[in-house]
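Undergrad: Predicted model follows, preceded by the sequence.
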Protein chains: 2
Amino acid sequence: MPATASRPLRRDAQRNRERIVAAAREVFATRGFAATLDDVAHHAGVGVGTVYRRFPTKEALVEAIFADRIEGVVAVAEQCLAEPSAWDGLTRFMVYACHTHAEDRGLRDVMLSLGMKKRFPDSGDRLETVITELVARAKDEGTLRTDFEATDVPIIFTMVSDLAGAPAGAYDRYLRLVIDGLRACPRNADLGPALTRDQVIGVLSGCVPPVRPRSSAAQ
Amino acid sequence: MPATASRPLRRDAQRNRERIVAAAREVFATRGFAATLDDVAHHAGVGVGTVYRRFPTKEALVEAIFADRIEGVVAVAEQCLAEPSAWDGLTRFMVYACHTHAEDRGLRDVMLSLGMKKRFPDSGDRLETVITELVARAKDEGTLRTDFEATDVPIIFTMVSDLAGAPAGAYDRYLRLVIDGLRACPRNADLGPALTRDQVIGVLSGCVPPVRPRSSAAQ
DNA sequence: ATCTAAACGGAGGGAACTTCTCAACTTCCG
DNA sequence: CGGAAGTTGAGAAGTTCCCTCCGTTTAGAT
């Protein structure tokens, strides 16, 4: 699916575009939004100017790169809804999501900023709907503790994805630990009230670096 | 306990020193290591030059401010060892530590960087010893899952302290969730091998900003 | 009241980062 | 081969931040 193809790119330009996209995927995967366009350009073996010719802003590059990945995650989430066991569906989704976050820090950054609806608002909506459903079904089933809420899911993603840079399998260990705490069990502590959607967004925006590193903090 | 008091400070200097310390505590508490000395100076109502006269580097200020706090945490940890129930001792320590982290982001940053032994190496050693003991006792007691290790403790601190900026009580919710996953329980998943000490240090250094914001990433 | 060493302030040096531009050059392709 | 499309990479312009410098103020002893 080429971009708005008003005219086919010259062959070398096309080749460079592909190089840029490939390099950007790699660089964003390891450094997340913190990656710079100089990095990307250097990695692709082209000048920065070339990157800017193809993608007017860093934001545009991010969108070009992650659109399909995000859709992929949403698709998996929707598949998980079809799982016969609601518990398995929910946990399979969480494991899958954390796995992608650990593999690709850029994807993590995009996904965790989905709630703000600045990028990919449609995918964001769909994902929210699915997660809400997944949680509701698992509670109905009786396997998920009843004081768990859909808003907890992205928070857990944030917590676990701290470990993205860790040696392979580390995030897995802690995700399993957390999931073991999610089971309905009489010995469980009482969690108290869940965070509201807005509170979650507040927390997440503190954990995801902005695409443009300029602005820092309010007062 | 005045610093190496070769000569008593002039009264105005002493007053300013105290103001600086107080302001630094506040500013570091909210912004962590990311706080700037300009911030501190402004907050204290003095010029930056005054801060530098009293504390030769930012590092020195950090050490002056957090030495006693760190010792306080270590002391609590040691008290927790005396708790009759090993489980209560361990969890009380974890809750306490996370509480302090949520209240004071600077303290969090210091504590999580303790393992590198650059600052407060003695307190760091003592804390490590106590945590190891706390974990061992709870496993002996049979209340803590046997695949949990002492190296997991600081990682859990990191995960939960992501939520430090969140509305009051948020970190509490997720800490309780994680702790519920720590109980020995036949239904638990198998966690697999724990992280080594070095791996933990690697993870933590990725989560704690450096005091000096210069260096970013290796190649 | 005077005087001097101590303390002060805060502009700005310098280093490290960014994103993004532009004028000079190169490559493709009809 | 001519010219449009593409490339280049130094650097403009903007951040942020640590720390220094030095003219000015002031505490406090005489």
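TA: That came through, no problem.

Undergrad: CA atoms for contacts and neighbours, from now on please.
TA: Will do.

Undergrad: Next, the residue lying closest to A:Leu127 once chain neighbours are set aside: secondary structure please.
TA: Excluding its sequence neighbours, the residue lying closest to A:Leu127 (C-alpha to C-alpha, 6 or more residues apart in numbering or on different chains) is A:Val74, at 5.7 Å. Under DSSP: H, G, I helix; E, B strand; the rest coil, A:Val74 falls in the helix class.

Undergrad: Tell me the spacing between A:Val74 and A:Gly124.
TA: Per C-alpha to C-alpha, to the nearest Å, A:Val74 is found 8 Å from A:Gly124.

Undergrad: and what of A:Glu63?
TA: From A:Glu63 over to A:Gly124 the distance is 14 Å, taken as C-alpha to C-alpha.

Undergrad: So if I had to pick from these two, which one is more boxed in?
TA: Using other C-alpha atoms under 10 Å in any protein chain shown, the more surrounded residue of A:Glu63 and A:Gly124 is A:Gly124, with 22 against 15.

Undergrad: okay, and for chain A, where does confidence drop off?
TA: Under the criterion pLDDT under 70, the flagged ranges of chain A are A:1-7, A:212-219.

Undergrad: can you pull the contacts of the residue most central in space within it?
TA: Geometric centre of chain A, nearest residue: A:Met111, 2.5 Å, by C-alpha atoms, centre = their mean. Taking C-alpha atoms under 8 Å, 6 or more residues apart in numbering or on different chains, we find A:Met111 in contact with A:Ile70.

Undergrad: Name the residues of the host helix or strand of it that are buried.
TA: Following DSSP states H and E, one finds A:Met111 within helix A:105-112. Neighbour-count burial for helix A:105-112 flags A:105-112 (criterion: 16 or more other C-alpha atoms under 10 Å in any protein chain shown).

Undergrad: So which bits of chain A are right by chain B?
TA: For chain A, the residues found near chain B under the criterion C-alpha under 8 Å from any C-alpha of the partner chain are A:158-160, A:162-163, A:165-167, A:170, A:173-174, A:176-182, A:188-192, A:194-195, A:199, A:202-203, A:206-207.

Undergrad: Now go through the residues you listed and say which are in strands.
TA: Among the residues of chain A next to chain B, no member is found in strands (DSSP state E).

Undergrad: Let's see the ChimeraX selection covering just the buried ones among these.
TA: Typed into ChimeraX, the line below selects the buried ones among those, using 16+ other C-alpha under 10 Å:
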select /A:158,159,160,162,163,165,166,170,173,174,176,177,178,179,180,181,182,188,191,194,195,202,203,206,207
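
Undergrad: Keep the residues of chain A next to chain B, but drop any that are not near DNA strand C.
TA: Contacts with DNA strand C are made by none of the residues of chain A next to chain B, judged by C-alpha under 7 Å from any atom of the strand.

Undergrad: how about the helices in chain A?
TA: For chain A, the helices defined by DSSP state H occupy A:11-31, A:37-44, A:48-54, A:58-81, A:86-103, A:105-112, A:121-141, A:152-161, A:170-180, A:197-207.

Undergrad: Tell me the buried residues in the third one?
TA: Residues of helix A:48-54 classed as buried under the neighbour-count rule (16+ other C-alpha under 10 Å) are A:Val51.

Undergrad: from the chain's centre, how far out does that helix sit?
TA: 26 Å (C-alpha atoms, centre = their mean, to the nearest Å).

Undergrad: so which residue of chain A comes closest to chain B?
TA: A:Gly181 (3.7 Å; C-alpha to the nearest C-alpha).

Undergrad: check contacts around that residue.
TA: A:Gly181 is in contact with B:177-182, counting by C-alpha under 8 Å, 6+ apart.

Undergrad: what's the closest of the residues you listed to DNA strand C?
TA: Checking the contacts of A:Gly181 against DNA strand C by C-alpha to the nearest atom of the strand gives B:Val178 as the nearest, at 34.7 Å.

Undergrad: Would you mind measuring from the closest one to B:Val160?
TA: B:Val178 is 9 Å from B:Val160, by C-alpha to C-alpha.

Undergrad: A:Arg17 too?
TA: Distance, A:Arg17 to B:Val160, using C-alpha to C-alpha: 41 Å.

Undergrad: Based on its surroundings, how many neighbours for A:Arg19?
TA: Neighbours of A:Arg19 (other C-alpha under 10 Å): 19.

Undergrad: Surely it and A:His42 touch.
TA: No - with contact defined as C-alpha atoms under 8 Å, A:Arg19 does not count as touching A:His42 (10.6 Å).

Undergrad: quick one, domains of chain A?
TA: A:11-56, A:66-207 (automatic domain parsing).

Undergrad: The first one near DNA strand C at all?
TA: Yes - using C-alpha under 7 Å from any atom of the strand, we find that domain A:11-56 touches DNA strand C at A:11-12, A:34-38, A:48-49, A:52, A:56.

Undergrad: who's in contact with the closest residue to A:His101 other than its chain neighbours?
TA: Distance criterion C-alpha to C-alpha, 6+ apart; nearest residue to A:His101, sequence neighbours excluded, is A:Arg108 at 4.6 Å. A:Arg108 makes contact with A:32, A:100-102, A:161, according to C-alpha under 8 Å, 6+ apart.

Undergrad: Now with 10 Å, please.
TA: A:29, A:32-33, A:70, A:97-102, A:114, A:157-158, A:161, A:164, A:208 (C-alpha atoms under 10 Å, 6 or more residues apart in numbering or on different chains).

Undergrad: What of A:Thr30?
TA: A:24, A:102-106, A:164-165.

Undergrad: again with A:Arg183
TA: A:87, A:138-139, A:142-146, A:148, B:177, B:180-181, B:187-188.

Undergrad: how about the nearest residue to it once chain neighbours are set aside, what does it touch?
TA: The shortest distance from A:Arg183 to any non-neighbouring residue, by C-alpha to C-alpha, 6+ apart, is to A:Leu144 (4.9 Å). Contact analysis of A:Leu144 by C-alpha under 10 Å, 6+ apart lists A:86-87, A:90, A:135-138, A:179, A:181-185.

Undergrad: any idea how far A:Leu144 lies from DNA strand D?
TA: Distance of A:Leu144 to DNA strand D, given as C-alpha to the nearest atom of the strand, to the nearest Å: 42 Å.

Undergrad: how far away is that residue from DNA strand C?
TA: A:Leu144 is 41 Å from DNA strand C, by C-alpha to the nearest atom of the strand.

Undergrad: Tell me the residues of chain A that contact DNA strand D?
TA: Near DNA strand D, when you scan chain A using C-alpha under 7 Å from any atom of the strand, you find A:9-10, A:12-17, A:45-50, A:53-54, A:214-216.

Undergrad: ok, back up a step: from DNA strand D, how far off is the residue nearest to A:His101?
TA: To DNA strand D, A:Arg108 is 24 Å away according to C-alpha to the nearest atom of the strand.
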